[in-house]
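A.B. asks: just the structure for this:
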Amino acid sequence: MWLLENLELYAPERIGARSLLIGGGKLLRVLNPGERAPDGWNVRSVDCGGRSVVPGFVDSHVHITGGGGESGARSKVPALQLSRYTRCGVTSVVGLLGTDDTTRSTAELLARARGLEEEGLSAWIWTGGYHMPPMTLTGSVRGDIVHLDRCLGVGEIAISDHRSSQPSEAEFLRLAADAHVAGLMTGKAGVLHLHLGDGPRGLELVRRALDISEIPARVFHPTHVNRKRRLFEEALDVARRGVTIDVTAYPVEKGEDAWSAEDAFERFMAAGIAHERFTVSSDGGGCLPVFDSDGRVTHMDVGALDMLGATLRTLLARGHALEQVLPILTSNPARLLRLENKGHLREGADADLVVLDPSGVVRDVMARGVWHLREGQQRIKGTFES
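C.D. replies: Residues are numbered from 1 along each chain as shown. Modelled structure (predicted):
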C-alpha cells in the first residue's frame, strides 16, 4: 500500500492539496493534507514534492501489434514494448488494425492486448481494420464485441481514403448498427471508430447516418479529423450534433493544410461545443505515410505516443490551465469508451496516475497500483525489453 503525500490533485478537475491512499490496485481514499492511514495498516509513504498528480492517459488509437505495410512487407512497423507506453504516461490503451488487416489479425491483436495486461497496462481492442467486411475473430462484429472480453467496438474503418473499401451507405449503417446493438447487449462502448482520409467526401457518411438513421451520435468516433482544415470544420459540425471527434497528435509543418492537436483544441474550445466531445490520440506504432498522385508512398513516419505529452506541454505553455487540458487525454476518452474506473482519480477508481513537473513533463507513472516510472527512471519493462 502507498500513501502519496504533498501533491496537487487533478482528478482531472483541480482538487488542490491532498494525499492519496492506494492499495490493491485501487485509489482507496482521498485524504486532506496531514491525514494518515488507519492504525495498523502497512503503508509506504511517498513525498511527491508538491507536484501535480493527474489520471493516467487513455489512448484510444494505438497500433499495439504495429502498423504500416503500405510500402511492402519491410514497411511493417514492429509492436511497441511496454515502456514505450508508460514512460509517456499512457496507462490505458485501445489497440487496432489499419491498412494491413490481411497479414495481421484480430486474434493477434487480442493476444497482444492480453499480453500488455499481464505486464501491468490496461488494454482493449477495436475489432476490424480499414476494410469491409471487417476482419473479425468470431465471424461478425457483433459476435466479437459480445464474446471477446477486451473488444469495445469496431475500427479503424477507413472512409474518404484511397486505401478504404469504399463502403456504401447501407454497409456503413449496418456496421454502425451492429456496433451499437452489441454495446447495448454488453454494456460496452459499442463505438464505430473511423479512420478519416483526406478524400473530398470527408464525413459525408457520418452526416448521412445522423440525418436518416436512428443510431445515436455517440456511436460514431471519427479520428484524424485534423489532417485537413476543411475536414476539421466538418468535424465541428458533427460534434455540434453529438459526435465525439478525435484528433491525432502528430507534427504539423508550418504552412501545412492541417491543424496540430493544440491548434485543433483551441479552435474546438472557441466553437463553444460541449468539451467532452473532443479527444486526442497518438496513432502510436502506426505508419504516417505520404502518397503521390498515383498512390505510391513517397516517405513515411511512425506515430509516437509521446506526442500526447507534447500536446499537453504545448497547451500549458500557451497559457491553458491544466484542468482545462487534461480531460481530452483522460476523462473524455474514458467516458466515450465507458471505462468507469479510468480517466479520473476518485475513491474506488483504478490507481492509474501520472506525476507531472511544473512544465508538464512526466516524472512518475503508476499503473494499477504499481510504479512503472519513478523520477524519470523506468522501473518495469516489457518481457522482451533489454
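A.B. asks: low-scoring stretches of the stretch 151-300 of the chain, by residue?
C.D. replies: 287-300 (pLDDT under 70).
A.B. asks: identify each buried residue in stretch 192-210, please.
C.D. replies: Of all the residues in stretch 192-210, those buried under the rule 16 or more other CB atoms under 10 Å are 192-199, 202-203, 205-207, 209-210. (Glycine included, C-beta is placed from N, CA and C.)
A.B. asks: can you get me the start-to-end distance on it?
C.D. replies: Stretch 192-210 has an end-to-end distance of 13 Å (CA to CA, to the nearest Å).
A.B. asks: how far does that stretch sit from the chain's center?
C.D. replies: 19 Å (CA atoms, centre = their mean, to the nearest Å).
A.B. asks: same check, this time on stretch 271-283
C.D. replies: 12 Å.
A.B. asks: that one: end-to-end distance?
C.D. replies: End-to-end distance of stretch 271-283 (CA to CA): 25 Å.
A.B. asks: now swap in stretch 94-114 and tell me
C.D. replies: End-to-end span of stretch 94-114 (CA to CA): 11 Å.
A.B. asks: what residues of it count as buried?
C.D. replies: Of the residues in stretch 94-114, 94-101, 104-106, 108-110, 112-113 count as buried by neighbour count, 16+ other CB under 10 Å.
A.B. asks: now do stretch 176-189
C.D. replies: Residues 176-183, 186, 188-189 are the ones in stretch 176-189 that count as buried (16+ other CB under 10 Å).
A.B. asks: dump those to a markdown table, plus secondary structure.
C.D. replies: Shown next, in a markdown table, are the buried residues of stretch 176-189 (DSSP: H, G, I helix; E, B strand; the rest coil):
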| residue | secondary structure |
| --- | --- |
| A176 | helix |
| A177 | helix |
| D178 | helix |
| A179 | helix |
| H180 | helix |
| V181 | helix |
| A182 | helix |
| G183 | helix |
| T186 | helix |
| K188 | coil |
| A189 | coil |
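A.B. asks: of the residues you listed, which pair is most distant in space?
C.D. replies: Spatial extent of these (CB to CB) is set by the pair A176 and T186 at 16.2 Å.
A.B. asks: what about the strands in the stretch 201-350 of the chain?
C.D. replies: Taking DSSP state E, counting those that start in this stretch, the strands of the stretch 201-350 of the chain run over residues 220-223, 245-248, 278-281, 287-291, 297-302.
A.B. asks: I'd like to know which elements the third one is packed against.
C.D. replies: The criterion is 3 or more CB pairs under 8 Å, 6 or more residues apart in numbering; DSSP states H and E, and the helices and strands that strand 278-281 contacts are strand 57-62, strand 245-248, helix 261-270, helix 307-317, helix 331-337.
A.B. asks: mind putting the ones you listed in JSON lines, distance to M135 and mean neighbour count included?
C.D. replies: Below are the helices and strands packed on strand 278-281 laid out as JSON lines (distance: least, CB to CB, whole Å; neighbours: other CB atoms under 10 Å):
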{"stretch": "strand 57-62", "distance to M135": "17", "mean neighbour count": "29"}
{"stretch": "strand 245-248", "distance to M135": "21", "mean neighbour count": "28"}
{"stretch": "helix 261-270", "distance to M135": "28", "mean neighbour count": "19"}
{"stretch": "helix 307-317", "distance to M135": "27", "mean neighbour count": "20"}
{"stretch": "helix 331-337", "distance to M135": "21", "mean neighbour count": "24"}
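A.B. asks: in CSV, list the ones you listed along with distance to T86.
C.D. replies: Shown next, in CSV, are the helices and strands packed on strand 278-281 (distance: least, CB to CB, whole Å):
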stretch, distance to T86
strand 57-62, 10
strand 245-248, 21
helix 261-270, 21
helix 307-317, 12
helix 331-337, 17
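A.B. asks: looking at those, which is nearest to G153?
C.D. replies: helix 331-337 (8.2 Å).
A.B. asks: distance from the closest one to the middle of the chain?
C.D. replies: From the chain centre to the centre of helix 331-337 is a distance of 9 Å (CA atoms, centre = their mean).
A.B. asks: tell me which strands and helices the helix or strand just after that helix is in contact with?
C.D. replies: Following the chain from helix 331-337 toward its C-terminal end, the next helix or strand by DSSP states H and E is strand 353-356. Secondary-structure packing of strand 353-356 (3+ CB pairs under 8 Å, 6+ apart): strand 52-55, strand 362-367.
A.B. asks: isn't N32 up against S19?
C.D. replies: Yes: if you go by CB atoms under 8 Å, N32 and S19 touch, sitting 7.3 Å apart.
A.B. asks: quick one, which of these two is more surrounded?
C.D. replies: More crowded of N32 and S19, by other CB atoms under 10 Å: S19, with 23 against 9.
A.B. asks: show the average pLDDT along stretch 354-369.
C.D. replies: Stretch 354-369 shows a mean pLDDT of 97.
A.B. asks: and it, end to end?
C.D. replies: 11 Å.
A.B. asks: for that stretch, buried residues please.
C.D. replies: Neighbour counts over stretch 354-369 (16+ other CB under 10 Å) mark 354-356, 360, 362-369 as buried.
A.B. asks: of those, closest to T244?
C.D. replies: Within the buried residues of stretch 354-369, proximity to T244 (CB to CB) peaks at V354, which comes in at 22.6 Å.
A.B. asks: ok, that closest one - contacts?
C.D. replies: 53-57, 89, 91, 362, 364-366 (CB atoms under 8 Å, 6 or more residues apart in numbering).
A.B. asks: before we move on, back to that, any chance of the buried residues of stretch 176-189 in CSV with distance to G272 as columns?
C.D. replies: As requested, the buried residues of stretch 176-189 are exported to CSV (distance: CB to CB, whole Å):
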residue, distance to G272
A176, 27
A177, 31
D178, 34
A179, 29
H180, 28
V181, 33
A182, 33
G183, 29
T186, 34
K188, 31
A189, 26
